[in-house]
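K.L.:
Can you look at this prediction? I've put the sequence above it.
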Amino acid sequence: MERATTPALEQMEAGLGAVADDLASTALVMARRFAAGGTLWCVAPDWPAHANHLAVEFVHPVMVGKRALPAVAVGAPLLRKMRVLARSGDMLIAVSKGDNEEVASVMRRAEVWGLTTVWLCTGDRPAPGSATFILSTHEPGGAYTGRVVLLYHLLWELTQVCFEHPGLLQEPDSGTDGVEGIEGFCVTCSDEGRLAEVLDCGADQMIEVRTARGREMVDAGLVLDPRPGDLVLVHGGCVVSRVEGAAV
Amino acid sequence: MSTTEPTGFLYPFIEEDEKEKNGNDLLADLAASARTKAAESLRLCQETLSSQRQQIELAAAEMAARFAAGGRLFTFGNGGSATDAALLAEMFSAPSFGNPLPARSLADDQAVVTALGNDIGFELVFRRQLIAFAKNGDVAVGLSTSGNSDNLLAAFAEARRRGLLTIGLAGYDGGSMATSDDVDMCIVVASESIHRIQEAQDAVCFEIWKTVQKLLSTEE
């Protein structure tokens, strides 16, 4: 009949079934971050109400006896607010379309600051590596049909289940400062290549940058005109290249 | 490392293996639970859309008539339902396609909500706003999972007094909203899970919006 535009139930079930494994891994990592004192920052520039809904799920659980967890909705201007609010070990979750440039930018920087990032997106999936975890629904209008809400309801439920297994809440490996995906050491000097955001550059060749480890002074003699907000690659105490120019 | 097991130090690898195995078991359990709940949610959405079809079409037709005559939509709810009310208002006022229609959520303005909550009580935060804004011919849509929120019932009574069309979305058995004379039609999601109710209510809101759009575009 006039159901032609609504995806068939089986098709929707298959889509949600496929995301279930990713939801499980995301929930376990989030529970570990919460257990270690992390805060969940929630952003949704396309639909601010979703950021509010996500935060209230964690802060004021609908089920009696579930633990209240620190989650906060953050509005515009996202990047400037997140830069001062976020601490290494926190989490950032974004609900948006997969092609939202503002979200892509804040995700990239959040990983540099040492956050675990979760991108819950509709429409086209963002490029691999755009966030620590990408959870997507392709359903048209998914932000309004209840499908996006279902995904973050499930994320909340699964995170709460993890708290029933305190033995599994310890971070399995603390050797990388809690930064996923950054590994591989230089064979010559045994340092890593690490992403950093430029904080302050004076007249001096030494500039101050922020990495997942905190603030550091590094030598910027190899790059031309570094500016606050630039994303750079730091290796052996030197900036070796600029990855991305200063964002808003 | 566990400190409760006095001989644990003799078998550190066993403990690590055990932990890893349990971790994988947990992930498998979590994923299975997610699949079950997602299937439940999809079924409930579809069942609700079909069992409440008449109510949804009636609500959309009445709303379309009021919009066509210059009426406006006010939405309200508490907590997660407040965010669903915000999404509903946004769907109407700033749609990605179709006709934008005047709609707003009464929980949006933090100055108004906290002033009213602090000065006259939280049960009046929506009612007092309707006294200030609502006119005969407007529409009031309130979302609640229990169907029993005092501030929603107070708002519906005021809306009725002022000649608004009143539509309630509730869960469980509909609670007080289902039997209130102040609610013209109550669309009930027959579930006892707050999360599943909210997901199905979103689906209902989307269906209402689509139907209103269709009715208004064919009318022109």
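P.N.:
Received, thanks.
K.L.:
For B:Ala103, grab phi and psi.
P.N.:
phi -150, psi 140 (degrees, to the nearest 10).
K.L.:
Which residue ranges of chain A form strands?
P.N.:
Using DSSP state E, the strands of chain A run over A:40-43, A:71-73, A:91-97, A:116-122, A:133-137, A:193-201, A:206-211, A:214-219, A:231-235, A:238-244.
K.L.:
where exactly do the helices run in chain A?
P.N.:
A:9-35, A:48-59, A:78-85, A:101-112, A:142-145, A:147-162 (DSSP state H).
K.L.:
Flag the shaky bits of the chain, pLDDT-wise.
P.N.:
I'll assume chain A. A:1-7, A:173-190, A:247-248 (pLDDT under 70).
K.L.:
please go with chain B instead
P.N.:
In chain B, residues with pLDDT under 70: B:1-21, B:219-220.
K.L.:
residue boundaries of the strands in it?
P.N.:
Applying DSSP E to chain B gives strands spanning B:73-77, B:103-105, B:139-143, B:165-170, B:185-188.
K.L.:
mind checking which of those is nearest chain A?
P.N.:
strand B:103-105 (8.2 Å; Cβ to the nearest Cβ). C-beta coordinates here come from the backbone N, C-alpha and C atoms, glycine included.
K.L.:
got the contact list for that closest one?
P.N.:
Applying Cβ atoms under 8 Å, 6 or more residues apart in numbering or on different chains, the contact partners of strand B:103-105 are B:72-76, B:82, B:85-86, B:88-93.
K.L.:
And for stretch A:209-225?
P.N.:
By Cβ under 8 Å, 6+ apart, the list of residues contacting stretch A:209-225 reads A:88, A:112-114, A:177-179, A:182, A:194-199, A:201, A:205-208, A:226, A:232, A:234, A:237-242.
K.L.:
End to end on that stretch, go ahead and measure it.
P.N.:
When the termini of stretch A:209-225 are compared using Cα to Cα, to the nearest Å, they are 14 Å apart.
K.L.:
ok, now stretch A:83-90?
P.N.:
First residue to last in stretch A:83-90 (Cα to Cα) measures 12 Å.
K.L.:
Would you mind listing the buried residues in that stretch?
P.N.:
A:83, A:86, A:88-90 (16 or more other Cβ atoms under 10 Å in any protein chain shown).
K.L.:
cool, and stretch B:136-147?
P.N.:
B:137-147.
K.L.:
Just the C-alpha atoms of it, please, in PDB.
P.N.:
This file holds the C-alpha atoms of stretch B:136-147, laid out as PDB (Å, rounded to 0.1, in the frame of the first residue of the first chain):
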ATOM      1  CA  ASN B 136      -8.800  29.200  20.200                       C
ATOM      2  CA  GLY B 137      -7.900  27.100  17.200                       C
ATOM      3  CA  ASP B 138      -4.400  26.100  18.400                       C
ATOM      4  CA  VAL B 139      -3.200  22.600  19.100                       C
ATOM      5  CA  ALA B 140      -1.700  21.100  22.300                       C
ATOM      6  CA  VAL B 141       0.300  17.800  22.100                       C
ATOM      7  CA  GLY B 142       1.600  16.400  25.400                       C
ATOM      8  CA  LEU B 143       3.900  13.400  25.600                       C
ATOM      9  CA  SER B 144       4.200  11.200  28.700                       C
ATOM     10  CA  THR B 145       5.200   7.600  29.200                       C
ATOM     11  CA  SER B 146       3.000   7.100  32.300                       C
ATOM     12  CA  GLY B 147       0.100   9.200  31.100                       C
END
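K.L.:
Figure out how far it is from the centre of its chain.
P.N.:
10 Å (Cα atoms, centre = their mean, to the nearest Å).
K.L.:
if we can go back for a sec, among the buried residues of stretch A:83-90, which are in reach of chain B?
P.N.:
The overlap between these and the neighbours of chain B (Cβ under 8 Å from any Cβ of the partner chain) is empty.
K.L.:
For chain B, state which of the residues you listed is nearest.
P.N.:
A:Gly89 (20.0 Å).
K.L.:
quick one: that closest one and A:Ala35 touch, right?
P.N.:
No: checked against Cβ atoms under 8 Å, the pair A:Gly89 and A:Ala35 is beyond contact range at 10.8 Å.
K.L.:
Look up how far A:Met206 lies from A:Leu222.
P.N.:
Between A:Leu222 and A:Met206 the computed distance is 13 Å (Cβ to Cβ, to the nearest Å).
K.L.:
Just want the most central residue of chain A.
P.N.:
A:Thr117 (1.4 Å; Cα atoms, centre = their mean).
K.L.:
what sits against that one?
P.N.:
By Cβ under 8 Å, 6+ apart, the contact set of A:Thr117 is A:91-94, A:107, A:110-111, A:131-133.
K.L.:
what's across from it in the sheet?
P.N.:
Listed by DSSP bridges, the beta-bridge partners for A:Thr117 are A:Leu92.
K.L.:
and what of B:Cys186?
P.N.:
With DSSP bridges as the rule, B:Cys186 is bridged to B:Gly168.
K.L.:
show me what contacts it?
P.N.:
By Cβ under 8 Å, 6+ apart, the contact list for B:Cys186 reads B:55, B:147, B:167-170, B:174, B:177-178, B:180.
K.L.:
For these, pick the one with the most neighbours.
P.N.:
Comparing the contacts of B:Cys186 by number of neighbours (other Cβ atoms under 10 Å in any protein chain shown), B:Leu169 comes first, having 34 neighbours.
K.L.:
you'd agree it is up against B:Gly142?
P.N.:
Yes: between B:Leu169 and B:Gly142 a contact is recorded at 7.2 Å, counting by Cβ under 8 Å.
K.L.:
Many thanks, I have nothing further to ask.
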